[in-house]
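Participant: Turn this into a model:
(one chain, ligands or ions: 1)
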Amino acid sequence: MPGTGKLFVGGNWKMNCSKKQAEEVIGFLKSGKLSDNAEIVVSPPAPYLEYVKARLPANVGIAAQNCYKEEKGAFTGEISPAMIKDVGAEWVILGHSERRAIFHEDDALIGQKVKHALSAGLKVIACIGETLQEREANKTEEVVFRQMKAIGDNISDWDKVVVAYEPVWAIGTGKTATPEQAQEVHVKLRAFIKSNFQKDVRIIYGGSVTGKNAKELASQRDVDGFLVGGASLKQEFVDIINARQ
Ligand SMILES: O=C[C@H](O)COP(=O)(O)O
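Facilitator: Coordinates of the predicted model:
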């Protein structure tokens, strides 16, 4: 049931890692008491997937941060879902706002990636979210519904998908959405998914989540967990994992 179920907590390391830094994170995940009421997935940069996977506690899953929409071929610099699976990861993050903004990934490409990743047997953390400009122009709903539709049209198995609502203005800025702001969008998204796809899906929040604000966010009925950036490399990640005991 929303608000009381298992929290899904993802840690997106973005382009931050070295073996030394990975060891530190693995160290606090091993020594901290991790709630049984959380499903935990960490997402190191691709070159470290296998290294991190081999050292993590068995109850922590692993995600790639991106993949291409093809199985193999002449796509220099890209990685495929088949490769991600081959090195032992079971998840991939797709549609992150940094992929959309910096690497110009559009809804159509993200949809194709979601489709291919699921058909290759990966589970998907699919990200959506509005910019500050869009929020101020009262376009939040329009934007997240459009992004969700492009993703939803390509989902073959909703049990293998987690939707991450990440308002772009909250990412890495220290400006967390208030619990009410997050809840408001989550509840609308849930209704949108229900009416367009007749499905229920876990909807997690991302954007300046910390050990301090996680509990209150997690108390919201429609917040099923978090996608954490900066704080996922710090000891406070354990507090975020334990935000709903
Ligand atoms: O994927 C994670 C989000 O981009 C949030 O990043 P942040 O927690 O550093 O704001």
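Participant: rest of the way, CA atoms for contacts and neighbours
Facilitator: Will do.
Participant: any idea of the mean pLDDT in the longest helix along the chain?
Facilitator: Looking across the chain with DSSP state H, the single longest helix is helix 179-197. For helix 179-197, mean pLDDT rounds to 98.
Participant: do stretch 124-140 as well
Facilitator: Mean per-residue pLDDT for stretch 124-140: 97.
Participant: contacting residues around it?
Facilitator: In this structure, residues lying in contact with stretch 124-140 by CA atoms under 8 Å, 6 or more residues apart in numbering are 91-97, 114, 117-118, 143-144, 147-148, 151, 160-169.
Participant: Spell out which residues of the protein are next to the ligand.
Facilitator: Neighbours of the ligand within the chain, by CA under 6 Å from any ligand atom: 12, 170-172, 206-209, 227-231.
Participant: Repeat the analysis, applying 5 Å as the threshold.
Facilitator: When proximity is defined as CA under 5 Å from any ligand atom, the chain approaches the ligand at 171, 172, 206, 207, 208, 228, 229, 230.
Participant: Would you map the strands across the protein?
Facilitator: For the chain, the strands defined by DSSP state E cover 7-12, 38-43, 60-64, 91-94, 123-128, 161-165, 202-206, 225-228.
Participant: For residue 222, what are phi and psi?
Facilitator: phi -100, psi 10 (degrees, to the nearest 10).
Participant: and it, how many neighbours?
Facilitator: 25 (other CA atoms under 10 Å).
Participant: try residue 122
Facilitator: Per other CA under 10 Å, the neighbour tally for residue 122 reads 22.
Participant: separation between it and the ligand?
Facilitator: Computed as CA to the nearest ligand atom, to the nearest Å, the residue 122 to the ligand distance reads 18 Å.
Participant: about what we covered before: which one of the residues of the chain next to the ligand is nearest residue 222?
Facilitator: residue 206 (13.4 Å; CA to CA).
Participant: pretty sure the closest one contacts residue 164?
Facilitator: Yes. If you go by CA atoms under 8 Å, residue 206 and residue 164 touch, sitting 6.5 Å apart.
Participant: From residue 23, how far out is residue 76?
Facilitator: With distances taken as CA to CA, to the nearest Å, residue 76 is found 30 Å from residue 23.
Participant: Looking only at neighbour counts, state which of these two leads.
Facilitator: In this view residue 76 and residue 23 are compared by other CA under 10 Å, and residue 23 has more residues nearby, 16 against 6.
Participant: quick revisit: which among the contacts of stretch 124-140 end up buried?
Facilitator: Among the contacts of stretch 124-140, those scoring as buried are 91-97, 114, 117-118, 143-144, 147-148, 151, 160-169 (criterion: 16 or more other CA atoms under 10 Å).
Participant: returning to what we had before: residues shared between the contacts of residue 206 and residue 164?
Facilitator: By the contact definition CA under 8 Å, 6+ apart, residue 206 and residue 164 are jointly contacted by 226, 227.
Participant: quick one: contacts for residue 164?
Facilitator: Going by CA under 8 Å, 6+ apart, residue 164 touches 125, 126, 127, 128, 203, 204, 205, 206, 226, 227.
Participant: Highest neighbour count among those?
Facilitator: The most crowded member of the contacts of residue 164, judged by other CA under 10 Å, is residue 205 (34 neighbours).
Participant: give me the low-pLDDT residue ranges for this structure?
Facilitator: 1-4 (pLDDT under 70).
Participant: So which residues of it form helices?
Facilitator: Using DSSP H, helices in the chain cover 19-31, 49-55, 81-86, 97-102, 107-119, 132-136, 140-152, 179-197, 214-218, 237-241.
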